[in-house]
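[1] Here is a sequence with its predicted model. Questions after.
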Amino acid sequence: MKKNFIQRTVTGVFFVAILMGCILYSPLSFGAVFTIICALTVREFASLLSSTEEDIYVNKTITMLGGAYLFLSIMAFSMDITDSKVFIPYLALLIYLMVSELYLKRKKPINNWAYSMFSQLYVALPFALLNILAFHNNKEAGNIEYNPILPLSIFVFIWLNDTGAYCVGTLIGKHRLFERISPKKSWEGSIGGGIVAVAASLILSNYFSFLSIFAWIGLALTVIVFGTWGDLTESLLKRQLGVKDSGTILPGHGGMLDRFDSALIAIPAAVVYLYLLSTI
């Protein structure tokens, strides 16, 4: 147990350092790391389903390339490097995934279609939407600005919420949050984690005034609620597939899906929240 704790700690510190460093360093490092993460997570999702579901085959290479291309195309579009024609190859790839099943003569083509498309909707799209948070059109300056704080804040809120929920839940957690899906999560832990994340939003509001204090609090609450649902969603997926971890790429932490499960729902929710906020 001690060895596993040390392994988890070392992997976690290294993982957080790489992620934060790449987000903060430059738009290129941000794009590079999340293109790789997106591709690996899509591939892991496809491998997980293909290996656990009978007669299911998801094309890992094509779906992985699709996820990477979707991220890069939305990044290029967000940076105003190209126009909407950049999405045409991605649409061609989706058409290929549909048409190819006509010729492969597999037993469950409908399931293959569903899982292939779901890999793009559930995994690739949320990562790609990080670009919406990262790049903003500065109308006064007439250029596109890279703001690493917004995408980074999503992960900071998730990490602090998870850490706070674990610590508080371990100490005083009694009332199960969603026992059918995740027996260890408690209401006390979730509330404790939420308080820690909201406290972090207050600190961020003092240093980064592009959002008001109430907007920062609202963003933290959005990430907390939808991030928790994201965690539970992946738990439901693993429970149905009968696996403990989605993969083994991160020693002591499982797979990429295990590390980004909360973000896959929290990122789209944060984008919607900020868009709604901009209309007020």
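    Arrived safely, thanks for sending.
[2] got any ranges where the stretch 1-150 of the chain has weak pLDDT?
    1-5 (pLDDT under 70).
[3] Strands along that one, start to end?
    All strands of the stretch 1-150 of the chain, identified by DSSP state E, counting those that start in this stretch, fall at 135-138, 143-146.
[4] Adding distance to Gly230, write those strands out as JSON lines.
    For the C-beta atoms, the positions are set from N, CA and C on the backbone; glycine is no exception. Shown next, in JSON lines, are these (distance: least, Cβ to Cβ, whole Å):
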{"stretch": "strand 135-138", "distance to Gly230": "23"}
{"stretch": "strand 143-146", "distance to Gly230": "25"}
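[5] Give me the contacts around stretch 202-214.
    Here stretch 202-214 makes contact (Cβ atoms under 8 Å, 6 or more residues apart in numbering) with 147, 149, 153, 156, 216-217, 219.
[6] Okay, buried residues for that stretch please.
    Within stretch 202-214, the residues that count as buried by 16 or more other Cβ atoms under 10 Å are 204-205, 211.
[7] Can you measure across it, start residue to end residue?
    Start-to-end span of stretch 202-214 (Cα to Cα, to the nearest Å) is 9 Å.
[8] ok, now which ones touch Gln120?
    Applying Cβ under 8 Å, 6+ apart, we find Gln120 in contact with 42, 63, 66-67, 70, 94.
[9] Repeat that for Ser262.
    158, 161-162, 227-228, 230-231.
[10] at 10 Å what do you get?
    154-155, 157-159, 161-162, 223-224, 226-234 (Cβ atoms under 10 Å, 6 or more residues apart in numbering).
[11] List buried residues within those residues.
    154-155, 157-159, 161-162, 223-224, 226-234.
[12] Over the lengthiest helix in the chain, what's the mean pLDDT, rounded is fine.
    In the chain, assigned by DSSP state H, the helix with the most residues is helix 213-241. For helix 213-241, the mean pLDDT works out to 94.
[13] just so I have it, where are all the helices in this protein?
    2-25, 27-52, 60-78, 88-104, 109-118, 125-128, 130-134, 149-172, 187-207, 213-241, 256-279.
[14] I'd like these laid out as CSV, including distance to Glu179.
    Supplementary listing: these in CSV, determined by distance: least, Cβ to Cβ, whole Å:
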stretch, distance to Glu179
helix 2-25, 24
helix 27-52, 24
helix 60-78, 33
helix 88-104, 37
helix 109-118, 26
helix 125-128, 27
helix 130-134, 32
helix 149-172, 13
helix 187-207, 11
helix 213-241, 11
helix 256-279, 18
